[in-house]
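# sharing a sequence plus its predicted fold:
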Amino acid sequence: MDPQSDDQAKIGSRAVQAGVFGPWLGILVFGFGLAAGILIAFSGFAFLEDSAGVVVLVFLSALAVVAILGSVLFVARKPILRVVFGHAQTEIERLAVPLAEMAERAIERDPTGATRAARDVVSLGLARYAWITARRWVIASLTALIAAMAALAGTALLFKQNQLIAAQSDLLRDQNSRIEEQTVLLTQQVQLAEAERNAALSVEITGIAARLGSALDRIDPVRPGSGGEIQLFNALDPAELDRELILRVTSISRATQPYRFLDLGVRAQDFGDKLRHAMDRRRADLPATYARMADAFQWAEESEESRLIDRPLSPERGQLLTVLMGAGIHNLEPLNFAGLDLSFAHMPNADITVLTGLGARLSYADFSGSYLTEVDLGGASLENVRFRGAQIRRSTFAVVGPDRTHPPFLPENGPYSTFLSGADFNRSVQFGTDFTGAYLTAASFDDAVLVAPNFTDAALGASTFRRAVIIGANFSGADLKSCDFDGAILFGTDVLAELEGAAFPESFIASRYEVEAVPIADVMQLNGVYQNLEQSQIETAAPGAGAFRLRRIQSFEN
C-alpha cells in the first residue's frame, strides 16, 4: 500500500472522528443541562429563582471565555503552529510537496532525505489535525454552553409556568367560590322577590279577616270582657258564608305560592329555641351542660350567615288558616270542597283545637312544634307534612267512613283515605293518636313518644321508628314491610312475637332484631319521656308490660 495514501487515510479518519465527536458533545452537555434543570426545579427552584442573575452571569462568562479563547486561537494560529509544529499553513494541498520529496528520496535511496521529508509530512499532518481539533472544540464548547443554558432556562421557565398555573388554579377556585356565593345570593334574591309578591297578597287576607270578623259580629255580638259567653268553635258555619267570600278565600289560597325565605335562627314560640339562646351566654363557662342540653333538645349549630329555609313554604297560607280558625271556622270541609289549597302552609308552634279537615290539601305543610288537640284530619292529603316536635292529643288521621263524613262530602263516596306518605313526626309526643287505615309509607317517627297509638291496618312500609318510645300500641293488620324499629323501646312481654303476630302476615321479620330489657327508670330518664309523662301514665297505657329496646342486626332486603 502507498505510504502517502495510508497517512492521508489516518489523518482523514481522525478528522472524521473529531467531526463526529463535536455534535455528540453538544448533545451530551444538553442532556446534562436538562437533567440539572429538572433537579434544580424540583429541589432548588427557590434558589434558582433567587439567584437567576448569578446563574445567567456564570453562563455568559463561560461563553465569553470560550469565545475569547477561540478568537485568540484564530488570530494567533499561524505563530502557534509555526512554533509548535514548524508549519504555519495547514492546507491539505501542502502535503503534496513533502510527500513527493519523500517518494523521490526513497527512489534515490537517500534515507536521510526520505526521513526529513517524512518528518515534514507528519508535522504538517499534526499541525492540521491540531488546528481542526481546536476549531471543533471551540465550536462544540460554544454549542454545548448555549444548549445547556437553553435546557436549564427552558426547564426553569416550564416549572415557573407550572407554578403560575397552580397560582392561577387557586385564584380560579377562589373565583368559583365567589361565584357560588353570588349564586346563593341570587337565589335568595329570587326567592325574596317571590316573598315580596306574596306579601302584597297578604293585604287580601287582611280583607278576608275583616269580612269574617263582621260576619262573626252579626252572628255572635258578644265582646271579650263583656261578661258574656264567647263561642270559640264553629261560631261560623262555612256553608253559610257568602259564596263571594268563599271564592275569595279559595282564590287567595291558590294565588299565594310557596317560596323559600330567610331563616333568622330565632323562634319566639319555641321553648327549646328560646332556652338555647339563653344558654348561649354561658356556653363557654358550661360546655358540658350545654352539650347535654343540646343533645336533649336537638339544638342545631346556628349559622352566622343568613340562609334560606330548606324547602319552600307559604306563610300566607298559614296566615289564612289562622284567620279561619280565629273566626271560629273549625270545619274546613265546605272550603276544601270549594278548592281551598293549604299545601306548603307555614304554621309552626300553633294551637290547633277541634279542627276537621276532610279533603284538606295540606301536603308539605309545616306544623312543627304545634299543639293539636282533638283534631280530625282523616281523609286529608298530608304527604311530606311536618309535625316535628308537635304535641298531638286525642287526634285522628284515620280513614274516614260514613259515620265521620262531613258535608258537602257524601258518605256513599267513602271511605276517604288519609295520605301521610313521607310525613315527619320526629320528636313528636302523641297521646291516643288514631292512624287506622292511613297511608304512612316512608313516614318518620324517629325519637317520638307514642302513647296508645292505633296503627290498625295502616300502611307503614319503609317507615321508621328509630329510638322512639312506643307504649300500648296497636299494630293489628299494619303493613310493617321494611319498617325500621332500630333503637325503639316497646312495651310488652315478648315484643317481637307480639309485633309479628299483630302485623300483616309476613310484613314484619322478627329475626332482623334482637331485644334487650330496659329498666323503667332508664325509660323515665329519656328527655321526651321525662318532660311529658309520669310513670303512672305508662303503667296505665301498658299495664303489666315491660320495656324492651330493639336492635336491628340485619339489613333490609330488597
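Received, thanks.
# mind checking the SS state of the residue nearest the centre of the chain?
Nearest to the geometric centre of the chain sits Glu180, at 12.4 Å (CA atoms, centre = their mean). Glu180 carries the three-state label helix when classified by DSSP: H, G, I helix; E, B strand; the rest coil.
# need the contact list for it.
By CB atoms under 8 Å, 6 or more residues apart in numbering, the contact list for Glu180 is empty. Quick note: C-beta positions are derived from backbone N, CA and C, even for glycine.
# ditto for His346
His346 touches 313-315, 317-318, 365-366, counting by CB under 8 Å, 6+ apart.
# quick one: the residue nearest to the centre of the chain from Ala64, how far?
Separation of Glu180 from Ala64 (CB to CB, to the nearest Å) stands at 56 Å.
# can you give me the strands in this protein?
262-263, 307-308, 351-353, 371-373, 391-393, 429-431, 449-451, 469-471, 489-492, 513-518, 546-552 (DSSP state E).
# quick one: strands adjacent to the third one?
For strand 351-353, the paired strands and their directions (DSSP bridges) read strand 371-373 (parallel).
# Ala253 contacts Leu340, doesn't it?
Actually, residue 253 is Ser rather than Ala. Yes. Look at Ser253 against Leu340 with CB atoms under 8 Å: they come within range, at 5.3 Å.
# quick check: Leu241 vs Leu212, distance?
To Leu212, Leu241 is 8 Å away according to CB to CB.
# does Phe491 really touch Pro543, like I thought?
No. Using CB under 8 Å, Phe491 is not in contact with Pro543; the gap is 9.6 Å.
# the two - which one has more neighbours?
Each of Phe491 and Pro543 has its neighbours counted (other CB atoms under 10 Å); Phe491 has more, 24 against 9.
# what about that one, distance to Gly544?
In terms of CB to CB, Phe491 sits 9 Å off from Gly544.
# repeat that for Cys483.
Computed as CB to CB, the Cys483 to Gly544 distance reads 26 Å.
# which of those two has more residues huddled nearby?
Neighbour count, other CB under 10 Å: between Cys483 and Gly544, Cys483 has more, with 25 against 8.
# that one: what's it in contact with?
460-465, 507-508 are the contacts of Cys483 under CB under 8 Å, 6+ apart.
# try it again at 6 Å.
460, 463 (CB atoms under 6 Å, 6 or more residues apart in numbering).
# so what pLDDT did it get?
Per-residue confidence (pLDDT) for Cys483: 95.
# list phi and psi for it.
phi -80, psi 130 (degrees, to the nearest 10).
# residues touching Leu236, list them.
Contacts of Leu236 by CB under 6 Å, 6+ apart are 216, 327-329.
# among the residues you listed, name the buried ones.
Buried by 16 or more other CB atoms under 10 Å: 216, 327-329, out of these.
# would you reformat those residues as CSV and include distance to Tyr371 and pLDDT?
Formatted as CSV, the buried ones among the contacts of Leu236 follow (distance: CB to CB, whole Å; pLDDT from 0 to 100):
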residue, distance to Tyr371, pLDDT
Leu216, 23, 78
Ala327, 19, 87
Gly328, 18, 86
Ile329, 19, 89
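# include distance to Gly501 when you put those into TSV, please.
Shown next, in TSV, are these (distance: CB to CB, whole Å):
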residue	distance to Gly501
Leu216	52
Ala327	49
Gly328	46
Ile329	44
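# what is the nearest of the residues you listed to Ala195?
Nearest to Ala195 out of the buried ones among the contacts of Leu236 is Ala327 (CB to CB; 25.5 Å).
# and for Val203, the neighbour number?
Val203: 9 surrounding residues under other CB under 10 Å.
# I meant to write Thr206 there.
Neighbourhood size, Thr206 [other CB under 10 Å]: 11.
# and it, how far from Asp270?
Shown here: Thr206 relative to Asp270, a distance of 26 Å by CB to CB.
# just Ser141 next, same as before
Plainly put, Ser141 is 86 Å away from Asp270 if you go by CB to CB.
# which of the two has more residues huddled nearby?
More neighbours surround Ser141 than the other of Ser141 and Asp270, with 21 against 16 (other CB under 10 Å).
# you'd agree that one is up against Val65?
No. Using CB atoms under 6 Å, Ser141 and Val65 do not qualify as a contacting pair, with a distance of 9.3 Å.
# which residue ranges of the stretch 301-450 of the chain form helices?
Using DSSP state H, counting those that start in this stretch, the helices found in the stretch 301-450 of the chain span residues 315-326, 333-338.
# of all the ones you listed, which one is nearest Tyr259?
Tyr259 lies closest to helix 315-326 among the helices of the stretch 301-450 of the chain, at 9.2 Å (CB to CB).
# give me the helices and strands touching that closest one, please.
For helix 315-326, the elements it packs on are helix 111-219, judged by 3 or more CB pairs under 6 Å, 6 or more residues apart in numbering; DSSP states H and E.
# now the helix it packs on, how far from the chain's geometric center?
With CA atoms, centre = their mean, to the nearest Å as the basis, helix 111-219 stands 27 Å off its chain's centre.
# before we move on, back to that, want to throw the strands of the chain into TSV with mean pLDDT?
As requested, those are exported to TSV (pLDDT from 0 to 100):
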stretch	mean pLDDT
strand 262-263	80
strand 307-308	80
strand 351-353	94
strand 371-373	96
strand 391-393	96
strand 429-431	97
strand 449-451	97
strand 469-471	97
strand 489-492	96
strand 513-518	96
strand 546-552	96
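# of all the ones you listed, which lies closest to Leu245?
Judged by CB to CB, the one of the strands of the chain that comes nearest to Leu245 is strand 351-353, at 22.2 Å.
# how about the closest one: buried residues?
352-353.
# let's number from 366 now, not from 1
Done: numbering now begins at 366, and the last item shifts to strand 716-718.
# got a list of contacts for that strand?
The contact list for strand 716-718 (CB under 6 Å, 6+ apart) reads 735-738, 740.
# which one of those is nearest Phe774?
Phe774 has its nearest neighbour among those in Val740, at 17.4 Å by CB to CB.
# isn't the closest one up against Ser760?
Yes. If you go by CB under 6 Å, Val740 and Ser760 touch, sitting 4.2 Å apart.
# hey, what's in contact with both of those two?
Common contacts of Val740 and Ser760, defined by CB under 6 Å, 6+ apart, are absent altogether.
# so how far is Phe762 from the residue lying closest to Asp768 once chain neighbours are set aside?
The shortest distance from Asp768 to any non-neighbouring residue, by CB to CB, 6 or more residues apart in numbering, is to Pro776 (8.0 Å). Applying CB to CB, the value for Pro776 to Phe762 is 19 Å.
# separate out the buried members of the contacts of strand 716-718.
Using 16+ other CB under 10 Å as the burial test, the contacts of strand 716-718 include 735, 737, 740 as buried.
# residues contacting the last one?
Under the criterion of CB under 6 Å, 6+ apart, the neighbours of Val740 are 717, 720, 760.
# also the first one?
Taking CB under 6 Å, 6+ apart as the criterion, Ser735 is in contact with 715, 717, 755.
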